[in-house]
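>>> compute the structure for the input listed below.
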Amino acid sequence: MPEPFEPEGAISSAGMGGAMDLATSEGETLEKTPGGPQGTGPTGKPRSLWSDAWHDLRRNPVFIISGLVILFLVFISLWPSLIASESPLKCDLAKAQQGSQSGHPFGFDGQGCDVYTRTVYGARTSVTVGVCATLGVALLGSVLGGLAGFFGGVWDAILSRITDVFFAIPVILGGLVLLSVVTSNTVWPVIGFMVLLGWPQISRIARGSVITAKQNDYVQAARALGASNSRMLLRHITPNAVAPVIVVATIALGTYIALEATLSYLGVGLKPPSVSWGIDISAASPYVRNAPHALLWPSGALAVTVLAFIMLGDAVRDALDPKLR
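So this is what the prediction gives:
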């Protein structure tokens, strides 16, 4: 007949301390773990969405390469004279369409202007237009879309219909019509046009994000505790709804740079004596057989710039998308 099971004997056979020794050893193991469980910080505290995103971005080669390219573009936009000593408006017709020479690595365009200098100074226009247009679009679209998504009702219906109207306007055709009557030779009319036609996309994204965020439990709890609408928007909804807006705005920045070059190429964007890659591409197109370098260098700079911002936006999107974790 088998002997009866004795709990005290089983505990004593585990060694002095029994289960207490096992619990102590497990506690020591957890304390010795420097990083804690996966997805937590050094003390085991869960990381936020932004810290997780930055952790992933630092290890993403696409983000690193595109970030270095963008930093270089910002640098030459702020201080172009450090790498281009001549003026972009200095031209010599005697050197028109000539190739690379000492001190002029990119050659000369059809007016005898140094292609290298104009390519460097053209980055300032593109970065200025892209950054200012993106900030304006993100700010206007986020405010209108966020308010529509939060309050709903008549305000949401009116904004949705206005958004549909702006979506129906072709961008290039709208630029040809609106900018053709503008006589200003600065970048601000172009930026204003981009903001005017670009905010509906951000508005729809912000509206959807706010509608999703305001249905969460913490927002409902804040409402039940008597939090005001402004407090819920600023403290609870905006930090959790802004990520999709940042992703779309980052990708759109490269699109706005390409749009500025397109409008300048068509003659309704920036106009001489302004320095722009679109103006240089337009001026070099008739001489592409005799002086292809005058077309290739500004075109290449434009392509690299747009690609860098699109790659940056893709990297940010992957880092902020919880579904990819």
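
>>> when you work out contacts or count neighbours from here on, use the C-alpha atoms and nothing else.
OK.

>>> any idea how far residue 153 is from the residue nearest the centre of the chain?
Nearest to the geometric centre of the chain sits residue 250, at 1.5 Å (Cα atoms, centre = their mean). When distance is defined by Cα to Cα, to the nearest Å, residue 250 is 30 Å away from residue 153.

>>> before we move on, what about residue 206?
Here the criterion is Cα to Cα. By it, residue 206 lies 16 Å from residue 153.

>>> those two: who's more crowded?
residue 206 (29 against 10; other Cα atoms under 10 Å).

>>> tell me the contacts of residue 83?
Residue 83 makes contacts with residue 76, as judged by Cα atoms under 8 Å, 6 or more residues apart in numbering.

>>> now it, what are its backbone angles?
Here is the backbone geometry of residue 83 (degrees, to the nearest 10): phi -120, psi 0.

>>> the worst-scoring helix or strand of the chain on mean pLDDT: what's the following helix or strand?
Of all helical and strand segments in the chain, the minimum by mean pLDDT, DSSP states H and E falls on helix 19-32, at a mean of 40. Sequence-wise, the next helix or strand downstream of helix 19-32 (DSSP states H and E) is helix 49-57.

>>> what angle do helix 49-57 and the helix or strand following that next one make with each other?
Under the assignment DSSP H and E, the closest C-terminal helix or strand after helix 49-57 is helix 61-78. Angle of helix 61-78 versus helix 49-57, following axes from the mean of the first three to the mean of the last three Cα atoms, to 10 degrees, is 100 degrees.

>>> can you give the contact residues for helix 61-78?
Here helix 61-78 makes contact (Cα under 8 Å, 6+ apart) with 57-58, 82-83, 120-121, 123-125, 127, 305, 308-309, 311-312, 315-316.

>>> next SSE after that helix?
Next along from helix 61-78, by DSSP H and E: helix 115-151.

>>> residue 268 is in contact with residue 183, isn't it?
No. If you go by Cα atoms under 8 Å, residue 268 and residue 183 don't touch, sitting 9.7 Å apart.

>>> of these two, which one has the most company?
More crowded of residue 268 and residue 183, by other Cα under 10 Å: residue 268, with 20 against 10.

>>> tell me the phi and psi of that one?
Residue torsions, per degrees, to the nearest 10, at residue 268 are phi -110, psi -10.

>>> mind listing what it touches?
So residue 268 contacts 175-176, 179-180 (Cα under 8 Å, 6+ apart).

>>> check which residues of the host helix or strand of residue 306 are buried.
For residue 306, the enclosing helix or strand under DSSP H and E is helix 293-320. Across helix 293-320, burial judged by 16 or more other Cα atoms under 10 Å covers 293-299, 301-302, 304-320.

>>> same check, this time on stretch 177-193
For stretch 177-193, by 16+ other Cα under 10 Å, it's 179, 187, 189-193.

>>> what residue ranges in the stretch 201-325 of the chain score low on pLDDT?
Along the stretch 201-325 of the chain, the parts satisfying pLDDT under 70 run over 322-325.

>>> okay, stretch 245-254 in PDB with CA atoms only?
Taking C-alpha atoms only, stretch 245-254 is exported to PDB below (Å, rounded to 0.1, in the frame of the first residue of the first chain):
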ATOM      1  CA  VAL A 245      -0.200  63.500 -38.800                       C
ATOM      2  CA  ILE A 246       3.600  63.600 -38.300                       C
ATOM      3  CA  VAL A 247       4.000  60.600 -40.600                       C
ATOM      4  CA  VAL A 248       1.900  62.000 -43.400                       C
ATOM      5  CA  ALA A 249       3.500  65.500 -43.100                       C
ATOM      6  CA  THR A 250       7.000  64.100 -43.200                       C
ATOM      7  CA  ILE A 251       6.300  62.200 -46.400                       C
ATOM      8  CA  ALA A 252       4.400  65.200 -47.900                       C
ATOM      9  CA  LEU A 253       7.400  67.500 -47.400                       C
ATOM     10  CA  GLY A 254       9.300  65.800 -50.300                       C
END
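
>>> chain center to it: distance?
With Cα atoms, centre = their mean, to the nearest Å as the basis, stretch 245-254 stands 4 Å off its chain's centre.

>>> residues touching it, excluding its own?
130-131, 133-134, 137-138, 142, 202, 205-206, 305-314, 316-317.
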